[in-house]
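Engineer: What would the 3D arrangement of this be:
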Amino acid sequence: MKRNVCALSFAGWWYDDIKQAFANQPIALLTWEHRKNQFELFFSARGKRMIEDPQLQVILVKDKGHYHR
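Structural biologist: Residues are numbered from 1 along each chain as shown. Here you go, the predicted structure:
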């Protein structure tokens, strides 16, 4: 059985370059933003573009929780 890659995971600061390279490709985009909390992501221009992008299916955001060191 032949399997193809259907998702690409990358650091959030590469979003603009990755989006430009894979805009018309049938591939899911997965990213993380570990230098921002969820509110910084929601209120930044790039964050809004990321959230509204249907090709970008996962955005992991590091947020300090109760057990964060």
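Engineer: So, low pLDDT: which residues of the protein?
Structural biologist: The model of the chain has pLDDT under 70 over residues 1, 63-69.
Engineer: From residue 24, how far off is residue 60?
Structural biologist: Separation of residue 60 from residue 24 (C-beta to C-beta, to the nearest Å): 25 Å. Every C-beta, even on glycine, is put in place using the N, C-alpha and C of the backbone.
Engineer: Same question for residue 41.
Structural biologist: Applying C-beta to C-beta to residue 41 and residue 24 gives a distance of 25 Å.
Engineer: So those two - more neighbours on which side?
Structural biologist: residue 41 (18 against 7; other C-beta atoms under 10 Å).
Engineer: To what extent is the nearest residue to the more buried one once chain neighbours are set aside buried, counted in neighbours?
Structural biologist: Among residues not flanking residue 41 along the chain, residue 47 sits closest, at 3.9 Å (C-beta to C-beta, 6 or more residues apart in numbering). Counted with other C-beta under 10 Å, the neighbours of residue 47 add up to 20.
Engineer: residue contacts, residue 47?
Structural biologist: Counting by C-beta atoms under 8 Å, 6 or more residues apart in numbering, residue 47 makes contact with 33, 36, 40, 41.
Engineer: how distant is stretch 34-45 from the center of its chain?
Structural biologist: 12 Å (C-alpha atoms, centre = their mean, to the nearest Å).
Engineer: hmm, who's touching the helix or strand encompassing residue 57?
Structural biologist: Element membership of residue 57 [criterion: DSSP states H and E] is strand 56-61. Applying C-beta under 8 Å, 6+ apart, the contact partners of strand 56-61 are 7, 12, 15, 19, 28-34, 36-38, 41, 50-51.
Engineer: Can you spell out which residues form a bridge with residue 59?
Structural biologist: Beta bridges link residue 59 to residue 31 when assigned by DSSP bridges.
Engineer: Residue 55 is in contact with residue 15, correct?
Structural biologist: No: if you go by C-beta atoms under 8 Å, residue 15 and residue 55 don't touch, sitting 10.7 Å apart.
Engineer: Fine by me, thanks again.
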